[in-house]
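Chemist: Okay, structure incoming, though there's no sequence with it:
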Ligand SMILES: [Zn+2]
């Protein structure tokens, strides 16, 4: 258990602001979408609907994201994963699924500012003009896997904790003043 | 640049978000097969100039394997479909046949 974030809340201010946040509580839930009890399990854990394909549904400081046809990412306060896992186990008793806390395997960043999308556009093969509201986009940022979604203030980006400093380096470099795309 | 639409998550994935799995629809010859059959399964590939069926993995995205039909000469993509398909979908085969009348089929 590590209650400090990967980079001790490193930050950088360029043409957009980069902040390493967290740690957030995260649960990987692997289950087929038609699994009996799945909706109850997600509602009990984070209080949301089952997210549709490539979407993230938020509920205050909790959220559920669609990661693949048989994988969901549940986000919640760091200290609440144990209770959420117990609620999932109760809702999915006897069913074929897998749920595990992965909070300490992840690093989380915020990219904020009017040109926040340009920071990511330089790093990921994604058409940002077509990124939809509440879309959880899994892709790569330069050489590592990443997932991000957009809200009114900017982007939240999740990657593996083992590449947190690489990611901070990428974001910092990409957000250098004077390197705006337009 | 190659762009393939992942049939599982719907992302129009640029090539660098994918990982190649080479020729699709191979029949496996394992224990009990002849040396020739195993050699063909292991090493002999069609490598056509033209219509080709391939396996791809949406490795940086949803992580799923899928299949794609494309032209190796022009890079035209005819379509993508789930990995759980024993053969290319009939409508995809018809579409390819219409575009490439000389095409001899996927086998
Ligand atoms: Zn996909």
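Modeler: Yep, it's here. Owing to the predicted nature of the structure, the values given are computational and were not obtained by experimental measurement.
Chemist: Am I right that residue A:79 is in a strand?
Modeler: No. Counting by DSSP: H, G, I helix; E, B strand; the rest coil, residue A:79 is not found in a strand; it is helix.
Chemist: Now that residue A:71 has come up, it's in contact with residue A:27, right?
Modeler: No. Under the criterion of Cβ atoms under 8 Å, residue A:71 makes no contact with residue A:27, lying 11.0 Å away. The way it works is simple: take the backbone N, C-alpha and C, and place the C-beta from them, glycine included.
Chemist: and residue A:147, what does it touch?
Modeler: Going by Cβ atoms under 8 Å, 6 or more residues apart in numbering or on different chains, residue A:147 touches A:65, A:67, A:73, A:136-139, A:157-159.
Chemist: centroid residue for chain A?
Modeler: residue A:158 (4.3 Å; Cα atoms, centre = their mean).
Chemist: In terms of helices and strands, where is that one?
Modeler: Per DSSP states H and E, residue A:158 falls inside strand A:154-160.
Chemist: Residue B:70 too?
Modeler: strand B:65-71.
Chemist: Pull the residues that contact that strand.
Modeler: Contacts for strand B:65-71 (Cβ under 8 Å, 6+ apart): B:2, B:4, B:6-8, B:21, B:24-25, B:50-58, B:76-83, B:85, B:88, B:92, B:96, B:100, B:106.
Chemist: which of those come close to chain A?
Modeler: Applying Cβ under 8 Å from any Cβ of the partner chain to these, one finds that residue B:8 fall near chain A.
Chemist: what about residue 95, how many neighbours?
Modeler: Picked chain A for this. Using other Cβ atoms under 10 Å in any protein chain shown, residue A:95 is surrounded by 14 other residues.
Chemist: oops, I was thinking of chain B
Modeler: 15.
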